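Asks: Below are the sequence and a predicted model for it; my questions follow.
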2 protein chains.
Amino acid sequence: MTTAAPATAAALAEVRRAFPPERLVSGDPEKLEAYGRDESDLGVFPPDVAVLVESAEDVRTVFAIASRHRVPVVPVAARSGKSGGSLALRGGIAVSTERMNRILEVSPGDLVARVEPGVILAALQAEVERHGLFYPPDPNSLELCTLGGNVAENAGGPRALKYGVTREYVLGLTVVVPTGEILRLGHRSIKGVAGYDLTGLLVGSEGTLGIVTEVMVKLLPRPRHVATALVAFASVDAAARAVTRILTSGVIPRCLELMDDVALAAAAKTSPYRFPADAGAALILETDGNDEEQVFAELVRAAELVREDASGDVVVAQGEAQRRDVWETRRYLSVNLKTLHPLKLSEDVAVPRSRIPEMVAAAKAIGVRHGFTVATYGHAGDGNLHCNVLFDHPEERPRVDAAVGEILRAAVDLGGTITGEHGVGLAKRDFLEYEQGAEVVALERRIKAVFDPLGILNPGKIFPER
Amino acid sequence: MTTAAPATAAALAEVRRAFPPERLVSGDPEKLEAYGRDESDLGVFPPDVAVLVESAEDVRTVFAIASRHRVPVVPVAARSGKSGGSLALRGGIAVSTERMNRILEVSPGDLVARVEPGVILAALQAEVERHGLFYPPDPNSLELCTLGGNVAENAGGPRALKYGVTREYVLGLTVVVPTGEILRLGHRSIKGVAGYDLTGLLVGSEGTLGIVTEVMVKLLPRPRHVATALVAFASVDAAARAVTRILTSGVIPRCLELMDDVALAAAAKTSPYRFPADAGAALILETDGNDEEQVFAELVRAAELVREDASGDVVVAQGEAQRRDVWETRRYLSVNLKTLHPLKLSEDVAVPRSRIPEMVAAAKAIGVRHGFTVATYGHAGDGNLHCNVLFDHPEERPRVDAAVGEILRAAVDLGGTITGEHGVGLAKRDFLEYEQGAEVVALERRIKAVFDPLGILNPGKIFPER
């Protein structure tokens, strides 16, 4: 640790005095490296020390030390992020909330839950379901990711189509800001408009404005029945037509997931379903509600609406096991794509619904131009598409990055955004201005400075380097 | 107009040079007074001039003049606000968006609409319904209020229970900030997490951060069927128990409206329904969906759940005319209460659902202590209650204000908020710190200063005077 800059060395000494050794990760490069990785493929950026905080006071202590020495503080949660938000780009002190993993309260009367930020999403969902309740956001990483990370990234998932994203469920936050205040934002009531919506501002701020130490979320009653179907189409265009037909008909499925031809070819390798030979796309449709007959009727109605565009039969899952099969076809896509090419860079654009076919075609064409296969899948109902550039050798990475850049710009040009749910982080900071313009980014930087005047919290994220 | 301060006089001269006379209201005290009133009963605060803007460029021109002369700029829309947000507290230039009333686009393919801020909410709803679509927010003033005002106040309404408030529907905004930039925030895609959620920050900022010149909203397919019922209860406690029973059963009605005994007595005067003599509260229940049978079945299910708490029969509206009768019982409450006492001050607290009976009881007790009758009604499903202090003479106002202050503090003490949907404005600025604490308010002031460093935009609103 003698390689640290003088300021960092002095800060580390203070951190070691402030926290007992069992709450620190330091010295051991291998352990520190684990705190410097995520699911973004952007490289390893270990912190100089990781503090396993147990309270808002602990976070405040870290900020005080970091402020004195001008050392970066980087919040880390499950390290399952896709945009590099938790990477300690310039070293410094990682604040890990992994020990703050208690579900503090589930209130069926108020339909709210209070949790610490280190609670794993699947654990919260299981707990509220025991009370007959429901917490809808469902990012693919739900078995790993934490509520703190979900709040930082404003996590989505397939069910966002009907139920919305994390932001729609966060009623209140306790957050420690770099200047040391422990702020209680929001309220336990479902509604409330007093003052500016700071809770909403913190959600999706990617750990750049403050570190969350408690989250209050809104719950719903758990829908008692779910029905799932899988439909193949000759082309993405046909599938996109089907999506529009369903949504404008008045049926709002809880999920409407799209896979393009490449994704389908990869999925077909392990899927128990035999897709028609001419299938160029597939949709997973899911409806839910309290009345079994009605849920099924709604699915059938959607299936009828898409039949004329479909290629082959609509497969309606019979029972829980078949439902799981359908979802595993989708969930293991990311893994299965690697059987086509060992490496991939996954993108996360969102476009207006009507532009889905254009976006899928644009991503494919960009891939062809750079010599890569692109597989697109994602949440077609809300236009959030994951375009995956597949490749074979790490040396191809600069060309892959160039292709990804074009894909991001294409999404913006179609009226969409560079990120639907993964965040900007380190991965896309150089594209933020292309989407928002210099004036909006300048305003965001000024808001960042209100919370973090010294620039110690998660530096180098969201905003391009100057 | 010679009474204006020198800065104002110079600014007015510039305004007159910048805009043609037919786009200005100035000189005529009566006409200016109309721009200085709203529905808050806080008094008349006319601007020195009102500019009928037609574009973002016009707003920028006003800001430039106001900045040079340090003169207040106050955005006004329909002047139907309940918290004094559009009152020109210190005179200055009112910016009226009444001429910017075009619906620019309704896109069934993307399920979005783009409108100018002066569009009346009911006009937008009628237009999207012609396309089979649905824009859910439904404040009581929907025939008067504008989208610009709805965005400023984050307007709610009964349907917020199932569908959420304005914030959940605003995808993007064009906004002019006091420093003159015309910012395009958000995106046309349903999802998007790039940068900070400035769109969300602007929604509910009560015209203190910028003036909105275009709004892009998300639409839903229109639910084809609606069913409505009216149920009486012996007490608010019994009604509140029924609310909890319904919501925890898994039925989410689109509305669940509560009236207490006083509200009911007032409503009974014109309502076509004969409430049981012992009725101490009533609920309006409404379900919606695409399948008529299912919508009705859901209503019946809810009705069965509440039967054991109810007093008398559940009245299910047969047909559109009876539905309208039920809603008019609720909608004319505000007017009917004036038959009990000619004056009233209406409050807008929200509490966690389980605290509804305590809140209603607290408001009543506070009224008794100060010698007033309090009538409470509102959106019980989400805990948003309108507590109305009834009185007879304007001279009683100081005592009424004292009672209202106690009601607001009681809501906060129960874990709720001073405003569920009407905003802080001028009416409740002195209570903001009680709810949020000095540190959060200080942070909000610093955010305000980022947008409005000279403090020219809507001064004196939201934040207590220093």
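Replies: Okay, I see it. The shown structure was predicted, so the numbers you read here are calculated from the model rather than taken from an experiment.
Asks: For A:D260, list each beta-bridge partner.
Replies: A:D260 has these beta-bridge partners by DSSP bridges: A:A281.
Asks: right, and it touches A:A267 too?
Replies: No. If you go by C-beta atoms under 8 Å, A:D260 and A:A267 don't touch, sitting 10.4 Å apart. (C-beta placed from N, C-alpha, C; glycine too.)
Asks: more crowded one of the two?
Replies: A:D260 (26 against 23; other C-beta atoms under 10 Å in any protein chain shown).
Asks: got the contact list for that one?
Replies: A:236, A:280-281, A:360, A:364, A:375-377 (C-beta atoms under 8 Å, 6 or more residues apart in numbering or on different chains).
Asks: Show only the entries of those found in helices.
Replies: Of these, the ones assigned to helices by DSSP state H are A:236, A:360, A:364.
Asks: what sits against the second one?
Replies: Going by C-beta under 8 Å, 6+ apart, A:V360 touches A:236, A:240, A:260, A:376, A:385, A:387.
Asks: of all these, which two lie farthest apart?
Replies: A:A240 and A:C387 (14.8 Å; C-beta to C-beta).
Asks: How about A:A403: what's its closest non-neighbour residue?
Replies: Residue nearest to A:A403 in three dimensions, not counting chain neighbours: A:H370, with 4.2 Å by C-beta to C-beta, 6 or more residues apart in numbering or on different chains.
Asks: now what about whichever strand or helix holds A:V25, what contacts it?
Replies: Assigned by DSSP states H and E, A:V25 falls within strand A:24-26. Residues from elsewhere that reach strand A:24-26 (C-beta under 8 Å, 6+ apart): A:1, A:12, A:15-16, A:31-32, A:35, A:48-52, A:94, A:96.
Asks: Now a ChimeraX select for only the buried ones of those.
Replies: In ChimeraX, this line selects whichever of the contacts of strand A:24-26 come out buried by 16 or more other C-beta atoms under 10 Å in any protein chain shown:
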select /A:12,15,32,35,48,49,50,51,52,94,96
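Asks: Could you list the buried residues of whatever helix or strand A:E406 lives in?
Replies: Following DSSP H and E, one finds A:E406 within helix A:397-413. Residues of helix A:397-413 classed as buried by neighbour count (16+ other C-beta under 10 Å): A:400, A:403-412.
Asks: repeat for stretch A:423-439
Replies: A:423-436, A:439.
Asks: repeat for stretch A:11-27
Replies: Under 16+ other C-beta under 10 Å, the buried positions of stretch A:11-27 are A:11-12, A:14-15, A:19, A:23-26.
Asks: just stretch A:118-130 next, same as before
Replies: Buried-residue list, stretch A:118-130, by 16+ other C-beta under 10 Å: A:118-121, A:123-125, A:127-128.
Asks: out of those residues, which are inside helices?
Replies: Going by DSSP H, the helices hold A:121, A:123-125, A:127-128 from these.
Asks: hang on, A:G312 is in a strand, isn't it?
Replies: Yes. Under DSSP: H, G, I helix; E, B strand; the rest coil, A:G312 sits within a strand.
Asks: Which of the helices or strands spans the residue nearest to it when sequence neighbours are not counted?
Replies: Counting by C-beta to C-beta, 6+ apart, the nearest residue to A:G312 once its immediate chain neighbours are dropped is A:P276, at 3.8 Å. Using DSSP H and E, A:P276 maps to neither a helix nor a strand.
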